[in-house]
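>>> Pasting a predicted model and its sequence here:
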Amino acid sequence: MRLLLTHGYFLDEDAHEAMVMKPYAPLGLLYLSSHLRARGFAVEIYDTTFGSRRELFDLLEAGPVGVVGIYGNLMTRATVLDLMEAARQSGWKIVLGGPEPANYASEYFEAGADVIVPGEGELALEEVLSALEGGASALGSVAGILFRAGDGSVVHTAARPLIADLDGQPWPDRERIAVERYLEVWRRHHGMGWVSLLPARGCPYRCRWCSHGTFGHTHRRRSPRGVADEIEWLLARYSPDMLWMADDVFTIHPGWILQFAGEMKRRGLAVPFECITRADRLDARMADALAGLGCFRVWIGSESGSQKILDAMERGVRVEEVREAVRLCRERGIGAGMFLMWGYEGEELSDIEATVEHVKASLPDVFLTTVSYPIKGTPYYDEVADRLIAPEDWRHTTDRRFDIRGRRPRAYFEAADRLLRSEVAREKLRAQGGGGAETARLAAESAAARAELRRFGQEAP
């Protein structure tokens with residue numbers, strides 16, 4: 001049976017990314033492809049990143065029909081539904097994967113899905129492809145999937161064990177897509193070409209707002225040697241200027257990092273890279289190892305400068321640990337990035353002020369903010385479910401668009417953003433010995449933002 005793998009992200013339809021222009025290859029699909037092709041399946045990939053709807057629709061209409069596997073996340077819901085409709089009208093069987101579809105299984109089945117794979121996909125999809133020809137009774141024997149029975153009910157089959165030996169899996173099927181196109185876009189817009197790789201799967205931590213729909217609360221690492229092998233091949237094949245370690249907590253195992261550093265040194269391999277970690281998994285020894293490896297930026301999930309809010313999130317990290325992690329990076333010439341979140345349950349103006357002071361004290365090279373949003377399937381979602389106000393048109397919205405009854409309006413968090421950015425800019429000027437008109441302008445901007453926050457605080461949400 002013909003298998004076509006695709007996803008719901010089109011770069012030319014993303015107005016925000018059109019300004020940022022930092023696309024990454026769909027590693028999940030590429031892992032599916034390499035796994036299945038190694039077992040004799042004929043697999044096609046249509047990478048929508050640089051593609052077009054019309055081209056993909058024409059491919060679906062032209063046939064011959066078979067199975068189309070579509071990766072979906074909360075940002076691509078509307079597009080995935082459009083792709084499903086085109087596939088269904090042409091007679092394709094539809095298998096969905098990724099972190100979103102299982103959260104809304106009934107809706108996706110109503111839209112025409114035949115099977116949803118909620119977790120790790122390689123082994124499950126391998127069996128699904130054979131079972132689809134046998135109907136619902138055959139699907140019932142495939143572990144780790146969802147399908148709709150004849151009476152319309154959603155069937156969850158038994159859980160499937162995750163792949164234990166990640167080194168036994170083939171590398172992502174990068175040769176099946178235009179990796180050079182990604183490199184060209186990065187170089188044209190940022191002066192450096194990036195390639196991503198995945199040293200591990202999953203995160204064992206239990207932050208209440210974080211989705212663990214694909215790998216659960218697990219963490220499995222490839223061997224240091226296996227990752228070095230892939231890097232050596234990537235450098236020889238694509239000559240990237242930078243690497244993105246697409247790992248949820250890159251420094252989670254200090255011993256692994258030290259072995260990996262030794263393996264890279266033994267081979268004479270060096271390439272700048274960027275990674276994500278937790279502040280409590282970054283000490284002086286790890287910072288030294290990262291610097292020696294050529295890491296140029298570490299992203300840290302700070303989320304808030306209020307310990308009260310961090311504890312409510314069950315982050316398991318102290319504010320002081322975040323500041324120390326940023327300091328350790330700065331001392332070694334490693335850039336530090338912070339992820340920050342406004343609007344979590346219980347946040348008050350004093351917590352926003354604490355976050356502002358926290359970022360001023362840390363002075364990371366860059367920080368990104370978002371307003372907390374409840375993803376279905378998370379403890380945070382369950383906590384606020386009875387107060388959620390969902391947009392009426394589920395098809396054309398996402399979990400990021402939920403309003404929470406009793407929470408401040410978006411303009412409140414926009415004011416928090418302005419306060420944070422102006423105050424941090426003032427602190428950087430002060431640290432550099434600057435002043436004058438720019439400092440006065442930033443002070444006025446801070447005062448206006450703080451006044452707006454206080455005004456909102458006096459009004460009923």
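Arrived safely. No experiment lies behind these values; they were computed from the predicted model shown.
>>> confidence score at the residue nearest to His217 when sequence neighbours are not counted?
Nearest residue to His217, sequence neighbours excluded (Cβ to Cβ, 6 or more residues apart in numbering): Pro204, at 5.3 Å. Any C-beta I mention is one placed from the backbone N, CA and C, and that applies to glycine too. Looking at Pro204, its pLDDT is 94.
>>> wait, doesn't Pro204 sit right on Gly216?
No: using Cβ atoms under 8 Å, Pro204 makes no contact with Gly216, being 9.1 Å away.
>>> who are the neighbours in contact with Phe57?
Shown in contact with Phe57 (Cβ atoms under 8 Å, 6 or more residues apart in numbering): Ala86.
>>> May I see the buried residues of stretch 249-267?
For stretch 249-267, the neighbour count (16 or more other Cβ atoms under 10 Å) marks 249-253, 256-258, 260-261, 263-264 as buried.
>>> between the residues you listed, which is closest to Ser306?
Relative to Ser306, the closest of the buried residues of stretch 249-267 is Val249; by Cβ to Cβ it sits at 22.4 Å.
>>> Can you tell me how far the nearest residue to Glu184 once chain neighbours are set aside is from Leu234?
Leaving out its chain neighbours, the residue that sits closest to Glu184 by Cβ to Cβ, 6+ apart is Gly193, at 7.3 Å. Using Cβ to Cβ, to the nearest Å, Gly193 is found at 11 Å from Leu234.
>>> shared neighbours of these two, which are they?
Common contact partners of Gly193 and Leu234 (Cβ under 8 Å, 6+ apart): Pro240.
>>> ok now stretch 84-99, how far from the chain's centre?
Distance of stretch 84-99 from the chain centroid (Cα atoms, centre = their mean, to the nearest Å) equals 23 Å.
>>> no wait, stretch 296-305
On Cα atoms, centre = their mean, the centre of stretch 296-305 falls 15 Å from the chain's centre.
>>> Also stretch 222-230?
Mean C-alpha position of stretch 222-230 versus that of the full chain (Cα atoms, centre = their mean) differs by 22 Å.
>>> Quick check, Ser196 in contact with Lys22.
No: when contacts are counted by Cβ under 8 Å, Ser196 is not listed as touching Lys22 (10.6 Å).
>>> between these two, which one's more packed in?
Counted by other Cβ atoms under 10 Å, Ser196 and Lys22 do not tie: Ser196 has more neighbours, with 22 against 12.
>>> Can you verify that one is assigned to a strand?
Yes: applying DSSP: H, G, I helix; E, B strand; the rest coil, one finds Ser196 inside a strand.
>>> Report the contact partners of it.
Listed by Cβ under 8 Å, 6+ apart, the contact set of Ser196 reads 24-25, 27, 243-246.
>>> Now with 7 Å, please.
24-25, 27, 244, 246 (Cβ atoms under 7 Å, 6 or more residues apart in numbering).
>>> which SS state does Ala138 fall under?
Put simply, Ala138 is helix when judged by three-state DSSP.
>>> mind listing the helices for the stretch 51-200 of the chain?
Taking DSSP state H, counting those that start in this stretch, the helices of the stretch 51-200 of the chain run over residues 53-62, 77-90, 105-110, 122-131, 136-139, 179-190.
>>> Keeping just the C-alphas, turn the first one into CSV.
What follows is helix 53-62, C-alpha atoms only, in CSV (Å, rounded to 0.1, in the frame of the first residue of the first chain):
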residue,chain,number,x,y,z
ARG,A,53,-1.3,23.4,-0.8
ARG,A,54,-2.0,23.2,-4.5
GLU,A,55,1.0,21.0,-5.2
LEU,A,56,0.1,18.7,-2.4
PHE,A,57,-3.6,18.6,-3.3
ASP,A,58,-2.6,17.7,-6.9
LEU,A,59,-0.4,14.9,-5.6
LEU,A,60,-3.3,13.5,-3.5
GLU,A,61,-5.8,13.8,-6.4
ALA,A,62,-3.4,12.2,-9.0
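>>> Mind listing what's buried along that helix?
Buried residues in helix 53-62, defined by neighbour count with 16+ other Cβ under 10 Å: 56-57, 59-60.
>>> related to what we said a few turns ago, could you dump the contacts of Ser196 to a markdown table with neighbour count?
Below are these laid out as a markdown table (neighbours: other Cβ atoms under 10 Å):
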| residue | neighbour count |
| --- | --- |
| Tyr24 | 14 |
| Ala25 | 21 |
| Leu27 | 16 |
| Trp244 | 17 |
| Ala246 | 18 |
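>>> returning to that earlier point: with respect to Asp167, which of the helices of the stretch 51-200 of the chain lies nearest?
helix 122-131 (13.9 Å).
>>> avg pLDDT for the closest one?
Helix 122-131 comes out at a mean pLDDT of 94.
>>> just stretch 372-384 next, same as before
pLDDT averaged over stretch 372-384 gives 94.
>>> Give me the distance between it and the centre of its chain.
17 Å.
>>> Contacts for the lowest-mean-pLDDT helix or strand in the chain next, please.
The least trusted helix or strand in the chain, going by mean pLDDT, DSSP states H and E, turns out to be helix 136-139, with a mean of 81. With Cβ under 7 Å, 6+ apart as the test, helix 136-139 has contacts from 115, 131, 145, 147, 149-150.
>>> so where's the stretch 1-150 of the chain shaky on pLDDT?
Applying pLDDT under 70 to the stretch 1-150 of the chain picks out residues 135-136.
>>> Write down the beta-bridge partners of the closest residue to His7 other than its chain neighbours, one by one.
Residue nearest to His7 in three dimensions, not counting chain neighbours: Tyr71, with 4.1 Å by Cβ to Cβ, 6+ apart. Beta bridges link Tyr71 to His7, Gly97, judged by DSSP bridges.
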